[in-house]
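Asks: Whatever this is, show me its structure:
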Amino acid sequence: MKLFHTATDEEIRNGEVTDVYFARTIEILRAKGIKKRVVMEVKANSLPDGYEWALLVGVEEVARLLEGIPVDVWSMEEGEVFKGGEPVMFLEGEYTQFGHYETPVLGMLCQASGVATKSARCKKAAGDRLILSFGARRMHPSLAPMIDRAAYIGGCDGISVIKSAQMLGLKPSGTMPHSLILIIGEPVKAFLAFDEVMPEDVKRVCLVDTLYDEKQEAIAAAEALGKRLYGVRLDTPESRRGNIKEILKEVRWELDLRGYDYVKIYLSGGVDEREIEETKELVDAFGVGTAISNAPTINFAMDIVEVEGKPFAKRGKLAGKKQVWACKECGNRKITRFDSPSPICCQKEMEPLLKPLLKEGKLVRELCSPEEIRSRVLARLKSMKDC
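Replies: Alright, predicted model coming up:
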């Protein structure tokens, strides 16, 4: 008996985590002896909250899901920027072989892309400030590695969950919780205990809002640890915040006044890209939780656009297999019929973004590491419009 309400890898691969109507459709088609080759397109007609762009993440999981299934898959690269209305992937094959995977395919793309996109928006707002993903506690723990991978690819500089960090080859990032201070009973005693017990490679970042004023606790931490103090973190609850920017100004001023200008300031607790933009002049690192892990999902749909080689789609959808093109010079994008020649932009052929991923279920593209994908994303973010 399983302890937790989650599906195993095998159950997902077997197509058991799907909506029953897809299973019934395949049952009917098989009973009637109907075998038709279709093209199914993955696309989001619009993006959440008026976003102008989003990041595609979850491609590796889709490849692992469909590996060995007789289906061709074309996809944008993991971490690719896309806009509403652009197909990001299409699957081609005999429907009864893969139709029941619509539910897990979309599930793998929608949430991971939403998390990565929100992370990218936070990173873009932060500029050279650090963004740490602290949001694992908002979702089922079985999802933490997926959420943290997407957050890291989207631009987060660190993640706090031990297992996620192991899977990504990173050291987990974190400071100290309020519980340490409450159990020891006094902030400075807790700061000194942390300094005494933790290994040298763990940065001394003290949480300075547990029992007293943030300014007082920050000064106390600096006086107690001296040069060993790397930073202070403010996680002030909403009910006590008032104007957090003014609180940050006070803390920065009082630390600087006493010669502690080397002490970094971390801010966490309900932070999103808007608050990052408003406070980044005073903050060196942000811990972002709910805004990332509970990010709005990208509302991808997966629709048949071609049957037996002929364009055929439901109302409201554009029939036919398509290609998405991008100009490397100016960033211009264009959607054409799949068999159209490369459009010309800036006197050069545009680059096709939908490329082979699986051929008859065999992986035909190298899957890049999260670090490589993240590097590409960070480079792209510099040229993207503001959030």
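Asks: going forward, measure contacts between C-alpha atoms and count neighbours the same way
Replies: OK.
Asks: which residues touch stretch 192-200?
Replies: 204, 224, 225 (C-alpha atoms under 8 Å, 6 or more residues apart in numbering).
Asks: Tell me where the model's unsure across the protein.
Replies: Applying pLDDT under 70 to the chain picks out residues 385-387.
Asks: same thing but 90
Replies: Scanning the chain for pLDDT under 90 picks out 1-2, 50, 135-137, 174, 236-242, 270, 328-329, 331, 382-387.
Asks: Just give me the residue closest to the centre of it.
Replies: residue 116 (2.1 Å; C-alpha atoms, centre = their mean).
Asks: Start and end of stretch 299-311, how far apart?
Replies: End-to-end span of stretch 299-311 (C-alpha to C-alpha, to the nearest Å): 23 Å.
Asks: now stretch 201-213
Replies: 29 Å.
Asks: Mind listing what's buried along it?
Replies: For stretch 201-213, the neighbour count (16 or more other C-alpha atoms under 10 Å) marks 203, 204, 205, 206, 207, 208, 209, 210 as buried.
Asks: For the stretch 51-200 of the chain, just list every one of the helices.
Replies: All helices of the stretch 51-200 of the chain, identified by DSSP state H, counting those that start in this stretch, fall at 59-66, 95-98, 102-126, 144-153, 162-168, 178-184, 187-197.
Asks: ok, back up a step: so can I have a markdown table of the buried residues of stretch 201-213 showing secondary structure and distance to residue 57?
Replies: Shown next, in a markdown table, are those (DSSP: H, G, I helix; E, B strand; the rest coil; distance: C-alpha to C-alpha, whole Å):
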| residue | secondary structure | distance to residue 57 |
| --- | --- | --- |
| 203 | coil | 31 |
| 204 | coil | 34 |
| 205 | strand | 32 |
| 206 | strand | 34 |
| 207 | strand | 33 |
| 208 | coil | 36 |
| 209 | coil | 36 |
| 210 | coil | 37 |
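Asks: Among these, find me the one that's closest to residue 349.
Replies: residue 203 (49.5 Å; C-alpha to C-alpha).
Asks: Which residue, other than its chain neighbours, is closest to that closest one?
Replies: Computed as C-alpha to C-alpha, 6 or more residues apart in numbering, the closest residue to residue 203 that is not its neighbour in sequence is residue 230, at 6.0 Å.
Asks: Can you tell me the closest non-neighbouring residue to residue 279?
Replies: Nearest non-adjacent residue to residue 279 (C-alpha to C-alpha, 6+ apart): residue 245, at 6.1 Å.
Asks: Contact partners for that neighbour?
Replies: Contacts of residue 245 (C-alpha under 8 Å, 6+ apart): 278, 279, 282.
Asks: taking the residues you listed one by one, which sit in strands?
Replies: The members of the contacts of residue 245 all map outside strands under DSSP state E.
Asks: Just those: which are in helices?
Replies: 278, 279 (DSSP state H).
Asks: buried subset of the contacts of residue 245?
Replies: 279, 282.
Asks: need the contact list for the residue nearest to residue 203.
Replies: Counting by C-alpha under 8 Å, 6+ apart, residue 230 has contacts 203, 204, 205, 262, 263, 264.
Asks: between those, which is closest to residue 136?
Replies: residue 205 (20.2 Å).
Asks: Report the spatially nearest residue to the closest one, omitting neighbours in sequence.
Replies: Closest to residue 205 by C-alpha to C-alpha, 6+ apart is residue 231, at 4.4 Å.
Asks: Residue 217 too?
Replies: residue 208 (5.0 Å).
Asks: now do residue 280
Replies: In space, residue 280 is closest to residue 126, 6.3 Å off (C-alpha to C-alpha, 6+ apart).
Asks: My guess is the one you found contacts residue 276. True?
Replies: Yes: using C-alpha atoms under 8 Å, residue 126 is in contact with residue 276, at 6.0 Å.
Asks: how near is residue 92 to residue 67?
Replies: 14 Å.
Asks: the more surrounded of the two?
Replies: residue 92 (23 against 20; other C-alpha atoms under 10 Å).
Asks: quick one: the more buried one and residue 42 touch, right?
Replies: No: using C-alpha under 8 Å as the test, residue 92 is too far from residue 42 to be in contact (11.5 Å).
Asks: ok, residue 206 to residue 142 distance?
Replies: Distance from residue 206 to residue 142, by C-alpha to C-alpha: 29 Å.
Asks: so who does the closest residue to residue 325 other than its chain neighbours touch?
Replies: Closest residue in space to residue 325, ignoring its immediate chain neighbours: residue 352 at 4.6 Å, by C-alpha to C-alpha, 6+ apart. Residue 352 makes contacts with 323, 324, 325, 326, 342, as judged by C-alpha under 8 Å, 6+ apart.
Asks: Dump the residues you listed to TSV, plus secondary structure.
Replies: Shown next, in TSV, are the contacts of residue 352 (DSSP: H, G, I helix; E, B strand; the rest coil):
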residue	secondary structure
323	strand
324	strand
325	strand
326	strand
342	coil
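Asks: rewinding a little: wait, the residue nearest to residue 205 sits on residue 263?
Replies: Yes: applying C-alpha under 8 Å, one finds residue 231 in contact with residue 263, separated by 4.7 Å.
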